[in-house]
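Student: Got a predicted structure plus its sequence, pasted below:
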Amino acid sequence: MLHGEVTRTRALLLLALALTVAALPASGSAAYAAWDWPVDGGEVAAGYLPPTSPYGPGHRGLDVAAPTGSVVRAVAAGTVTFAGRVAGVGAVTVDHGGRRSTYQPVVAVVRSGAEVSRGEPLGRLSPVGSHCGPRACLHLGRIEADGYADPLALLSPQAQVRLFPPHGPAPVPPEPERVVPSGDLLMPVDAPVTSRFGMRVHPVTGVHKLHDGTDFGASCGTPVRAADAGTVSSVGSVPGYGNRVRIEHGGATATTYNHLASFAVGAGEPVAQGQTVGAVGSTGLSTGCHLHLSVLLGGQPVDPEPLLTAP
Ligand SMILES: [Zn+2]
Ligand SMILES: [Zn+2]
């Protein structure tokens, strides 16, 4: 009997050990690789300084200098638990399953509840509320179950880790890029949303994948308006998307209008906000007349809905 007890205990211990090993990261690399840098080409302007008491002074995060308008990306996959303003400063919080990352000042393009993948755009760096004024910088926070911790410990030690010289020459502020705030894009048609941005089973192919835009249930022939001023970069037929118009709005933001029946603009033309760019159709992989609007930020599709406002 005793032998049996010992054997069972050992078996349970081995099982627990096996589960522990299975839970470790497969890469075996150090924990610093757990997060990706949230902005490109940034340099650390101020490091983390742990507060001496829960409400004491300190710097509860990492300031990464980057040009205004830079695309701010999720450091890891997770769920957006906050996207909005705190005391007038735009902020985003992503929950990674117990651990959270916070980003500010950011003009969010995601909304609370959205699932984001590693590297997915969360918004753009805003100059309002910078910890590095007059420069723009992203304040990245890391919150563990027991409180604030140093984000740098989770980031890979790449060239971006250059401490900003405190007594060096004053930095030249970069040309501010235009920031697309929430509600800055015009609704391209007056029609209800029939399918939202996010994972779904494709109505034609049956494949579960990202629906990379917003569908509007407008009838064929409805004029499609440019969501913002810009320059038409391409007009033509694209597999799946059918007849498509793509407009560049500056600051790495682009919009595309898909499944069109006809075009009203040509490549290279400047367009004004609200200008008709084509007519709703059902070209490409489509089950009926509708407009598929995509918004691209830094080349990646983001949810158009939080950015749209009714005309
Ligand atoms: Zn800061
Ligand atoms: Zn669609």
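Tutor: Alright, I've got the coordinates. Numbering: from 1, shown residues only. Ligands and ions are numbered 1, 2, ... in the order given.
Student: If you tally nearby residues, what's the number for the nearest residue to G98 once chain neighbours are set aside?
Tutor: Leaving aside its chain neighbours, G98 sits nearest to A145 (5.7 Å; criterion: C-beta to C-beta, 6 or more residues apart in numbering). The way it works is simple: take the backbone N, C-alpha and C, and place the C-beta from them, glycine included. Neighbourhood size, A145 [other C-beta atoms under 10 Å]: 8.
Student: And A145, how far from H259?
Tutor: 47 Å (C-beta to C-beta, to the nearest Å).
Student: Run through the residues that contact Y103.
Tutor: If a contact means C-beta atoms under 8 Å, 6 or more residues apart in numbering, then Y103 has 38, 72, 91-94, 122-123, 138-141 as its contacts.
Student: top of the residues you listed by neighbour count?
Tutor: Ranking those using other C-beta under 10 Å puts V72 first, with 31 neighbours.
Student: Now name the helix or strand holding it.
Tutor: strand 71-73 (DSSP states H and E).
Student: which residues are contacting that strand?
Tutor: Applying C-beta under 8 Å, 6+ apart, the set of residues contacting strand 71-73 is 36, 38-40, 92, 103, 106, 119-125, 138, 252, 297-298.
Student: Out of those, which sit inside strands?
Tutor: Members of the contacts of strand 71-73 lying in strands (criterion: DSSP state E): 92, 103, 106, 121-125, 138, 297.
Student: and D190, what are its phi and psi?
Tutor: Here is the backbone geometry of D190 (degrees, to the nearest 10): phi -90, psi 90.
Student: how close does it get to T214?
Tutor: Counting by C-beta to C-beta - D190 and T214 are separated by 14 Å.
Student: For ligand 2, what's its nearest residue on this structure.
Tutor: H292 (3.4 Å; C-beta to the ion).
Student: contacting residues for that residue?
Tutor: 213-215, 241, 257-259, 286.
Student: Just the ones in strands from these, please.
Tutor: Those of those lying in strands (DSSP E): 214-215, 257-259.
Student: Show me the subset of those that also lies near ligand 2.
Tutor: D215 (C-beta under 5 Å from the ion).
Student: Which single one of the ones in strands among the contacts of H292 is nearest to R111?
Tutor: Distance ranking of the ones in strands among the contacts of H292 against R111, using C-beta to C-beta, places T214 first at 12.6 Å.
Student: Quick one: residues contacting the nearest residue in space to the closest one that is not next to it in sequence.
Tutor: Excluding the flanking residues, the one nearest T214 by C-beta to C-beta, 6+ apart is P304, at 4.6 Å. Residues in contact with P304 (C-beta under 8 Å, 6+ apart) are 185, 197, 213-214, 227, 255, 293-295.
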